[in-house]
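>>> Okay, sequence plus prediction incoming.
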Amino acid sequence: MSDLLVAGGQVLRPDLTVERADVLVDRESGDVADVVEPGTADAAERLDASGGLVIPGLINAHGHVAMTLLRGYADDKPLDAWLQEDIWPVEAELTADDIAAGAELGIVEMIKSGTTAFSDMYFHVDRIADAVERAGVRAVLGHTAVTVGKDDEAARADMQRSLDVAKELDDAADGRVTTTFQPHSLTTVGEEYLREFVPKAREADLPIHFHANETENEVDPIVDEHGLRPLEYAADLDLLGEDTYVAHGVHLDETEVELLADTGTGVAHCPASNMKLASGMAPVQRLRDAGVTVGIGTDGAASNNDLDAFDEVRDAAMIGKLAAEDAGAVPAEAAVEMVTRGSADLLGVDSGRVEAGANADLAVVDLEAPHLTPAHDLVSHLAYAVRGSDVRHTVCAGEVLMRDREVVTLDERAVRERASEHARDLVARAEGDD
Ligand SMILES: CSC[C@H]1O[C@@H](n2cnc3c(O)ncnc32)[C@H](O)[C@@H]1O
Ligand SMILES: [Zn+2]
């Protein structure tokens with residue numbers, strides 16, 4: 001007898017068709033054991049999916065989870081001013097305990113909105129990994145290196161730390177944590193450091209994740225200094241490849257789209273952050289037409305301002321049309337595919353589909369709501385109408401993380417209170433009030 005049965009609902013299949021079925025989960029392997037005819041299987045534990053749709057847990061392909069502490073702290077500015085005037089000064093005051101508190105809050109928010117895996121760039125990563133372990137989610141983590149504004153010794157130490165953390169934390173939390181080497185971006189890490197450390201990351205077989213082509217301001221200095229488009233420069237540094245994904249990818253010319261496709265480099269599309277910082281519209285339909293794997297990410301809660309991946313799917317479908325000036329661009333199926341299979345490919349996890357043998361990373365969406373009535377097309381609903389608050393249960397690696405909207409692995413109230421205290425004290429320190 002399998003351990004867990006998600007029963008009584010409809011199931012989104014890998015080809016994005018929907019059928020009435022029950023999902024059997026093998027707790028020991030953490031995999032989906034089978035998808036069966038309704039009422040034909042039994043298990044020790046049951047999750048009620050009646051009136052609901054069982055979907056793969058959503059996968060957040062790019063973010064900074066501890067930035068939940070800075071939600072609403074600095075809004076309505078473009079990227080450079082936002083980072084330099086507000087975010088970096090306050091981040092300089094962050095302690096490891098702050099980051100643990102912010103990470104727990106972000107993870108609870110994601111569990112409550114049906115996200116079971118996320119990719120993260122930050123620091124004090126051991127504390128983020130610890131929160132991931134206790135919460136039961138899956139994550140791809142790394143220490144993000146920045147060299148601008150640092151002396152040579154500090155810059156090299158930061159790059160080395162990114163390598164070391166990626167090696168140390170890989171396979172933590174019973175394999176639910178994997179890692180990437182993370183230069184922050186092509187303009188915030190000096191060429192000499194990329195030339196020295198990227199080969200070391202490649203030698204160690206580490207996947208690589210970095211911000212690229214997010215704003216025009218990031219493109220122009222590279223073109224001026226190197227005479228190359230940013231992704232041509234990245235290719236010259238051996239920064240592109242099958243196990244590499246860039247965040248944002250907004251300002252891309254045709255050569256760069258081809259480079260991404262030819263090298264198998266993926267893109268974590270962050271539509272809400274790109275809109276809020278007025279960074280631009282990523283050419284998502286063009287990327288998909290060229291065969292580039294595109295996933296979807298929230299970016300941090302300070303530039304979004306939430307971690308609800310359903311919002312992001314809707315934003316991706318909407319802005320994809322605007323960017324292509326074509327209402328048929330980035331249709332519902334494409335948006336749902338990007339936040340499931342697309343993001344899973346970027347993170348290198350066997351999730352993003354409800355199918356025997358895949359990770360049992362699932363969410364059950366409650367369909368009995370006015371804004372989901374009538375139900376002509378459930379894929380349309382997933383893209384355009386479902387909200388994170390419609391998620392009834394969340395399961396990762398076969399374990400129930402949220403049952404009937406109650407998070408069972410972390411104490412939501414305590415997490416919220418702790419995060420509020422840390423956020424308040426952090427801002428007081430940063431603004432010199434204590
Ligand atoms: C050094 S840890 C990661 C670093 O990235 C910053 N960040 C957050 N959002 C963005 C973005 O959209 N583009 C570039 N950098 C971003 C975050 O504040 C951390 O300092
Ligand atoms: Zn980012």
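Alright, I've got the coordinates. Ligands and ions are numbered 1, 2, ... in the order given.

>>> Three-state assignment for the residue in the stretch 1-150 of the chain that ligand 1 sits nearest to, please.
The nearest approach of the stretch 1-150 of the chain to ligand 1 comes at Thr144, 3.5 Å away (C-beta to the nearest ligand atom). Glycine gets a C-beta too; all of them are placed from N, C-alpha and C. Per DSSP: H, G, I helix; E, B strand; the rest coil, the secondary structure class of Thr144 is strand.

>>> Surely it touches Met121?
Yes: assessed by C-beta atoms under 8 Å, Thr144 is found in contact with Met121 at 4.3 Å.

>>> Between those two, which contacts overlap?
182, 184 (C-beta atoms under 8 Å, 6 or more residues apart in numbering).

>>> and the residue of the stretch 1-150 of the chain closest to ligand 1, what does it touch?
By C-beta under 8 Å, 6+ apart, the contact list for Thr144 reads 121-123, 162, 182-184.

>>> Now, those that are in helices?
Judged by DSSP state H, helices contain the following of these: Ser162.

>>> out of the contacts of Thr144, which touch ligand 1?
Restricting the contacts of Thr144 to those near ligand 1 by C-beta under 6 Å from any ligand atom leaves 121-123, 184.

>>> got a markdown table for those, with pLDDT and neighbour count too?
Formatted as a markdown table, the ones next to ligand 1 among the contacts of Thr144 follow (pLDDT from 0 to 100; neighbours: other C-beta atoms under 10 Å):
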| residue | pLDDT | neighbour count |
| --- | --- | --- |
| Met121 | 98 | 26 |
| Tyr122 | 98 | 23 |
| Phe123 | 98 | 23 |
| His184 | 98 | 18 |
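
>>> re earlier: between the contacts of Thr144, which is nearest Thr263?
Set against Thr263, the nearest of the contacts of Thr144 by C-beta to C-beta is Pro183 (16.6 Å).

>>> hey, what's that closest one bridged with?
Beta bridges link Pro183 to Ala145, judged by DSSP bridges.

>>> I figured it hits Leu206, correct?
No: if you go by C-beta under 8 Å, Pro183 and Leu206 don't touch, sitting 11.7 Å apart.

>>> Who are the contact partners of the nearest residue to Cys270 once chain neighbours are set aside?
Computed as C-beta to C-beta, 6 or more residues apart in numbering, the closest residue to Cys270 that is not its neighbour in sequence is Asp299, at 4.3 Å. By C-beta under 8 Å, 6+ apart, Asp299 lies in contact with 62-64, 247, 270, 272-273.

>>> and if you look at Leu367?
Contact analysis of Leu367 by C-beta under 8 Å, 6+ apart lists 10, 51-53, 375, 378, 381, 390.

>>> which of those residues lies closest to Glu93?
Glu93 has its nearest neighbour among the contacts of Leu367 in Asp390, at 36.8 Å by C-beta to C-beta.

>>> count of residues packed around the residue lying closest to Thr265 once chain neighbours are set aside?
Among residues not flanking Thr265 along the chain, Leu240 sits closest, at 4.4 Å (C-beta to C-beta, 6+ apart). Leu240 is flanked by 22 other residues according to other C-beta atoms under 10 Å.

>>> I'm done for today, thanks for sticking with me.
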